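1. The sequence and its predicted three-dimensional model are supplied below.
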Amino acid sequence: MSFLQPWLLLGLPLVALPIIIHLINQRRFQTVRWGAMMFLLTANRMARGYARLRQWLIMAFRMAAIAALVFAISRPMASGWLGLAAGGRPDTTIILLDRSPSMQQTSTSGGDSKLLTGRRQLAETLKAVGSVHWVLIESTTQKPRELDSPDALLTSPATEATSAASDLPALLEAAGNYVKTNKAGRTDIWICSDLRRNDWDPESSRWRALRESFLALRQGVRFHLLAYPEAATGNVSVLVSDVRRQENGTATELVMSLRLVREGGDESRTSVPVHFEIEGARSESTVEMEKNQYDLKDYRIPLESRHERGWGKVTIPADVNTADNEYYFAFERPAPRRAVIVADDSLVARPLQLAAAITPDPALKCSAEVVAIDQLSTVEWEKISLLLWQAPLPEGEAARQVGDFVARGGFAIFLPPKSPGRHEIFGARWSNWIDRSPKEPNGTDLAVANWRGDQDLLAHTQSGAMLPAGQLQIHRSCGMTGEFTPLATLKDDAPLLARCANQQQSGSKHGSAYFLATTPAPSDSSLANNGVVLYVLVQRALAGGAAALGNVRQLAAGENQIRDGAPWQRVAGAENALSTEYPYHRGVYTEGDRLLAVNRPLAEDQAPVLEDGRVAGLFHGLDFVRVDHQAGQLGVLIQEIWRPFLASMIVALLVEAGLCFPRKAQNAGSTA
C-alpha cells in the first residue's frame, strides 16, 4: 500500500492516546482501604474476568478508530497497479508517449485504441498523484513541452496518433537531458507504449549509457511503464511494394505490386476486398488469403497517356488497427537511370557497365559511363542514380562529392581496388585481400553461405524466388573494417556485401552506400559468369538512386524531407493533422514542385512484442515498475481507498460506544 500524503502517517503515535488518557485518569484518585468496600470487591471477583475483557475491547476499538482516521487522511492507494512508492508527490513528472501506428490498435470488441486508453488513464492517475509540473515528450519531435495539467494529454494535438515509428531510447535520453538541464528535483518518468521491438531497439548500445546516466543522477528518478503488449491477432495490413508508370506502345498503365499480411490467426482462407483509388477514380479487386501473407504482383490499372504524374491509395476494410489499412503512393514518368563507374581494372569495369546499361524494361532508359577520378568534377551528379567505385577509396574533394551524392539520395557501391589503402568513407574501409582458392586440385572455392533475402539488394524476387547467390564462387575477397550491416557472408562468416551504417558524416538519411568484398573479374569471383546476382544487385541500386532524381517521393513517416524550409500542402489524408506535423502523418503532400506520398515505416507491420524479461533487463538497477493494460479498459491505474478506512473508524466508534453501556441489572428473585 502507498499513500498520496505519507507525511500524515507521522500522526500514527496518536493511536496510544487512549492508553495515555487511561493512565492519567488512574493517577487522579488515591486508594483508601475500607473494610466494607473490600468485602464488595472480593464478592465481585467472580465477574472480574468479563469486566477486564470489556475494558480491553473498549481500549482496542478506540485505538483502531484513531488509526483508521490517520490512514484515511493520508489518502491510501491500492498500489498493486503501479506500486507507487511512498515519499510524497514528485517535483517533476515526465510523460514519454508512444504515438506510433501500432498504438492505434483497438481490442477485438472495439472501443478506444491503446493510445487513447493510455492518455485517459495517465490523465486520471497523474491528477491523483500530483506534481509541481508536468512535461510531455512525445515520439515525433522528442522535444520536452510543458503541460498546464494532466488534462492536456486529452486535448493537445501533440498527443494524437501519427504514422511515424517511435524511438524509446531517444525519448529516455531527452528525458534525462531535461532533468539535468533544468536541475529538476525528484522526478517520475511515465512511459506509455505497446513494447514493439522496432520502437525499443533493445540491441542498441544506447541502453547501457542510459542506465549509467540515470544511476548517476543524485535526485531520485522513478520509472513507471504503462504497457499495452496485446497482439493484434487477425489484423490485416496492406502496403504497396512497387508502383511504376509504364508505356506499352500506345497504351499507358500503372503497374502495382502490393502485399497483404495477417498477424497471427489460424491461416484460414479469407476474402479481402482491395480498393484502388487514383485521384478519385476507384476500382476494386478481391483477393483470397490462404496463408498469413499474400502478394499481388503487377496489378495493372489503365491510365490516360497524358497522365504523366499523379497519386493514389490502396485500402482494405477496417479491422482492429486502422493505421495499416491504407497505403498512399505517387507516380510519374520514370527518370533515366544513369550510372558512373570509377575502376582501376578494365576487367571489372566492363561487367559493371553491362549490368548497369542493360535495361530490365524497354520503357526505362539505362546508361553507364566509365570515368577517371580526376574527371569527377565534370560529372552531372544531379542526374546520376548509381556510383560504382572500384579504386582506392575517395579522399579530399572526391570524398566530399561522393558524400554529397549519397546525402541527396544516390546509391554507391564500393568494390575493392588492387591495392587497398588506409582511407575510409562512411565509417568503413578495406583491409587486405584474402585468397579463397582451394589448396587441392579437386577442391571448390569458398561459396556464399548466408544472405538477406527479406530486404535490400539481395531480396527475393517479386515471385518469391531466391536469388542464386549460393551458387557464386569466390576466389578472392577483401576484408573490411568499420561500422556496417552484413547483407551476405561467406562460409567463414567474412562479409561479402555490407551496407554502411555510418552515413551521418554526410548528413545522409536517404541514400545508401555498400561495400562488395570482391569484384566481377574472373580471377576474383564468378559474378560475371553467373551474372544474375550482379545484374539484379546493380539494377536494384540503380532503381533506388533513381527514386531520388524525380519530383515524386515515397517517404516513411518521420523522415526529414523538408527542402529549404518549403511548406507542405496537403493533397489527401491527415485531415486533422497540424501543418507542422504533416511529415508524421500518412497522406499525399506537395512541397514546391515535388509530390510526396507518406506512409508508416515498414517495420511497423507485424513488429514483435518485446519479451517481459528483456524489458526488465533494460531497466536493471533502476527504480522501475510496470503494469500491463489492454486497449479499451476503463479501470483506473490507481485507486484511493480512504473510504474503507473511514468506514472502519465509524464501525470502531459504534462498537466502542456499545461496549460502554452498562450491563442490565438482573431482577431479584421472588421469596416465599
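-> Cool, got the structure. Numbers count the residues shown, from 1 in each chain.

2. ok, now which ones touch A517?
-> P416, S477, C478, G479, M480, A494, P495, L496, L497, A498 (Cβ atoms under 8 Å, 6 or more residues apart in numbering). Where you see a C-beta, it was placed from the backbone N, CA and C, and this is true even at glycine.

3. Please enumerate the helices of the stretch 551-672 of the chain.
-> 612-618, 642-660 (DSSP state H, counting those that start in this stretch).

4. Could you do the chain as well?
-> All helices of the chain, identified by DSSP state H, fall at 17-26, 35-43, 48-73, 114-129, 152-155, 168-182, 197-200, 206-215, 346-357, 397-407, 531-546, 612-618, 642-660.

5. quick one: pLDDT of L534?
-> Per-residue pLDDT puts L534 at 94.

6. Tell me how far the residue lying closest to it once chain neighbours are set aside lies from T106.
-> Distance criterion Cβ to Cβ, 6 or more residues apart in numbering; nearest residue to L534, sequence neighbours excluded, is L527 at 4.5 Å. Distance of L527 to T106, computed by Cβ to Cβ, to the nearest Å: 50 Å.

7. do T181 as well
-> 38 Å.

8. When the two are compared, which one has more neighbours?
-> For T181 and T106, the more surrounded residue by other Cβ atoms under 10 Å is T106, and the numbers stand at 23 against 9.

9. Pick the one among the contacts of A517 closest to A541.
-> L497 (11.0 Å; Cβ to Cβ).

10. Provide a ChimeraX selection command restricted to the buried entries of the contacts of A517.
-> Burial among the contacts of A517 is assessed by 16 or more other Cβ atoms under 10 Å; the matching ChimeraX selection reads:
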select :416,477,478,480,494,495,496,497,498
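
11. which ones are touching the closest residue to A546 other than its chain neighbours?
-> Spatial nearest neighbour of A546, excluding adjacent residues (Cβ to Cβ, 6+ apart): S385 at 4.3 Å. By Cβ under 8 Å, 6+ apart, the contact set of S385 is 335, 337-339, 410-411, 541-546, 548-549.

12. can you pull the pLDDT of S385?
-> The model's pLDDT for S385 equals 93.

13. distance of it from N432?
-> 32 Å.

14. What does the pLDDT read for the nearest residue to V274 once chain neighbours are set aside?
-> Spatial nearest neighbour of V274, excluding adjacent residues (Cβ to Cβ, 6+ apart): S285 at 5.2 Å. Looking at S285, its pLDDT reads 91.

15. can you check G464 too?
-> Reported pLDDT for G464: 71.

16. so who does it touch?
-> D295.

17. ok, now L549?
-> Neighbour list for L549: A335, E382, K383, S385, G409 [criterion: Cβ under 8 Å, 6+ apart].

18. What about the residues you listed, which one has the most neighbours?
-> S385 (25 neighbours).

19. What is the neighbour count of F331?
-> 25.

20. The nearest residue to it once chain neighbours are set aside and R333, how far apart?
-> For F331, ignoring the flanking residues on the chain, the nearest one in space by Cβ to Cβ, 6+ apart is R245 at 4.9 Å. Distance of R245 to R333, computed by Cβ to Cβ: 6 Å.

21. Also L610?
-> From L610 across to R333, the span is 44 Å (Cβ to Cβ).

22. With neighbour numbers in mind, choose between the two.
-> Neighbours of L610 and R333, each counted by other Cβ under 10 Å, are more numerous for L610; the result is 22 against 15.

23. count of neighbours near the residue nearest to F331?
-> Applying other Cβ under 10 Å, we find 19 residues neighbouring R245.

24. With R62 instead?
-> By other Cβ under 10 Å, the residues close to R62 number 22.

25. Could I get the contacting residues of it?
-> R62 neighbours (Cβ under 8 Å, 6+ apart): P18, A652, E656.

26. ditto for S166
-> Going by Cβ under 8 Å, 6+ apart, S166 touches D98, R99, S100, S139, S193, R196, D199.

27. Considering these, which possesses the most neighbours?
-> Most neighbours among these, by other Cβ under 10 Å: S100, with 31 neighbours.

28. from memory that one sits against E604, does it?
-> Yes - taking contacts as Cβ atoms under 8 Å, S100 lies within contact range of E604: 6.4 Å.

29. what is in contact with those two at once?
-> In contact with both S100 and E604: A165, R196, using Cβ under 8 Å, 6+ apart.

30. Can you tell me the closest non-neighbouring residue to V571?
-> Going by Cβ to Cβ, 6+ apart, V571 has V588 as its nearest residue, at 4.2 Å.

31. same deal with A318?
-> The shortest distance from A318 to any residue other than its chain neighbours is 5.7 Å, reached at N325 (Cβ to Cβ, 6+ apart).

32. From V588, how far out is that neighbour?
-> N325 is 16 Å from V588, by Cβ to Cβ.

33. W433 too?
-> Going from W433 to V588 by Cβ to Cβ gives 49 Å.

34. Have a look at those two and say which one is more surrounded.
-> In this view W433 and V588 are compared by other Cβ under 10 Å, and V588 has more residues nearby, 22 against 18.

35. in terms of contact, does the more buried one touch Y582 like I think?
-> No - V588 lies out of contact with Y582 (Cβ under 8 Å); the separation is 10.2 Å.

36. Between those two, which contacts overlap?
-> R570, V598.

37. contacting residues around R309?
-> So R309 contacts A330, F331, E332, R333, N551, V552, L595 (Cβ under 8 Å, 6+ apart).

38. and the first one, what pLDDT?
-> Spelled out, it's A330. For A330, the model assigns a pLDDT of 94.

39. and if you look at G632?
-> Taking G632 on its own, its pLDDT is 62.

40. cool, and A86?
-> On the pLDDT scale, A86 gets 41.

41. where does the stretch 401-550 of the chain have low pLDDT?
-> Low-confidence segments of the stretch 401-550 of the chain (pLDDT under 70): 438-445, 462-463, 502-510.

42. quick one, what contacts the residue most central in space within the chain?
-> The centre of the chain sits closest to D199, judged by Cα atoms, centre = their mean, with a distance of 1.8 Å. Applying Cβ under 8 Å, 6+ apart to D199 gives the contacts D98, S100, S102, S139, A165, S166, D167, L168, S193, A607.
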